[in-house]
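Q: What follows is a predicted protein model with its sequence.
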Amino acid sequence: MDAKHRALLDSAEFRQLVSSRWRVSLVLSALLFVLYYGYIILIASNRALLSRRIGEVTTLGIPLGAAVIVGAWLLTAVYVVWANRYYDREAARLRAQAGHD
């Protein structure tokens, strides 16, 4: 590895980019964990609530389960938007700075 690449990897900008990616990933992973396991814990601890009918045949558990799936999609979309708007742009700038096009 040449000195230019080593300097880039040791730079505060690169460390900040890696730190930002970890922070965003950990926050979104924690939210996903709470979403999924919160639903599982709700099933385990309050089955009566989830078995309440909200229609003729539908129980409250069905739309809440669908909401968990939609929530996972939304968290994924948040990451994609963040990566496209910030991370990819900053990574490309650092690559260009290192001489990679």
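A: Now that the structure is in, tell me what you want to look at.
Q: Give me the mean pLDDT for stretch 88-99.
A: Average pLDDT, stretch 88-99: 87.
Q: just the CA coordinates of it, formatted as CSV?
A: Output of stretch 88-99 as CSV, limited to C-alpha atoms (Å, rounded to 0.1, in the frame of the first residue of the first chain):
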residue,chain,number,x,y,z
ASP,A,88,-21.7,7.0,-1.4
ARG,A,89,-21.0,10.6,-2.2
GLU,A,90,-18.4,10.9,0.6
ALA,A,91,-16.8,7.5,-0.2
ALA,A,92,-16.5,8.6,-3.9
ARG,A,93,-14.9,11.9,-2.9
LEU,A,94,-12.4,10.0,-0.7
ARG,A,95,-11.7,7.6,-3.5
ALA,A,96,-11.1,10.4,-5.9
GLN,A,97,-8.8,12.1,-3.4
ALA,A,98,-6.8,8.9,-3.2
GLY,A,99,-6.5,8.8,-7.0
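Q: Counting neighbours, which bits of that stretch end up buried?
A: Buried positions in stretch 88-99, judged by neighbour count with 16 or more other CB atoms under 10 Å: 90, 94. All C-beta spots, glycine's among them, are computed from the backbone N, C-alpha and C.
Q: Break down the chain into its helices, ranges please.
A: With DSSP state H, the ranges of helices along the chain come out as 3-10, 12-45, 47-50, 61-82, 88-97.
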